[in-house]
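K.L.:
sequence? don't have it. structure:
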C-alpha cells in the first residue's frame, strides 16, 4: 500500500477476509465435528472464524496506522466478515429467501450445505432455484446477490470504514 500511495494513489480499498468458518466448502468437510466446535448462533466453525477475525483486526489496525502516516490518501478498510455473518443471522432480511439460510449453496449437489465437490457448477442439475435467493454460489464464492449486498455495505456503510461514498 505504501508503494501505491507513493506512486500517487489517492484512494485504496483494503478488504478483510471472509469468516472462513462459515464457508460451505469448509463446513462440509467438518460437518461431523463435535457440536461444541460450532457457534450456536451462526452454525459456523468457531476456530477458523476466530482466526479470520484476528487477521481482520490486525489488518484494520494496519490500515489505520497507514492512514495516520499518509493523511493525503483515503484508506478504506472493507469488511467481508461482518457482512457474511449478518447474512447468516438474518438471511431473509438480506433477501436470501431460499428457505435454507445463507450457508446453503445454490450450485451444488446435496449434503447439509448442498455442497459436493464432484457436482461442480455448470453440471446439469447442479443449480437449485433462483440464485438471487442464495448468499453462496458454489461453496466458496458469494452469489451476485451476495456480492451486491457486500458492495452496498462498502459503498454506503456499514461494512467499510469509512464508507466509500461518504
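P.N.:
Received it, and whenever you're ready, just let me know what you need. Small disclaimer: the values here were computed from a predicted structure and weren't measured.

K.L.:
could you give the number of residues near residue 2?
P.N.:
11 (other CB atoms under 10 Å). C-betas here are computed from N, CA, C, even on glycine.

K.L.:
residues near residue 23, how many?
P.N.:
Neighbours around residue 23, by other CB under 10 Å: 24.

K.L.:
does it touch residue 140 like I think?
P.N.:
Yes: at 5.8 Å, residue 23 counts as touching residue 140 under the criterion of CB atoms under 8 Å.

K.L.:
centre of the chain to the longest helix seen in the chain, how far?
P.N.:
For the chain, the longest helix by residue count, based on DSSP state H, is helix 46-69. Counting by CA atoms, centre = their mean, to the nearest Å, helix 46-69 is centred 15 Å from the centre of its parent chain.

K.L.:
and that helix, what does it pack against?
P.N.:
On a contact count with 3 or more CB pairs under 8 Å, 6 or more residues apart in numbering; DSSP states H and E, helix 46-69 meets strand 74-78, helix 81-89.

K.L.:
can you give me the angle the longest one makes with helix 46-69?
P.N.:
Spelled out, that is helix 81-89. For helix 81-89 against helix 46-69, the angle by axes from the mean of the first three to the mean of the last three CA atoms, to 10 degrees is 140 degrees.

K.L.:
which strands and helices lie in contact with helix 81-89?
P.N.:
Packed next to helix 81-89, using 3+ CB pairs under 8 Å, 6+ apart, are helix 46-69, helix 144-156.

K.L.:
same thing with the first one?
P.N.:
With contacts defined as 3+ CB pairs under 8 Å, 6+ apart, the secondary structure elements packing on strand 74-78 are strand 11-15, helix 46-69, strand 160-161.
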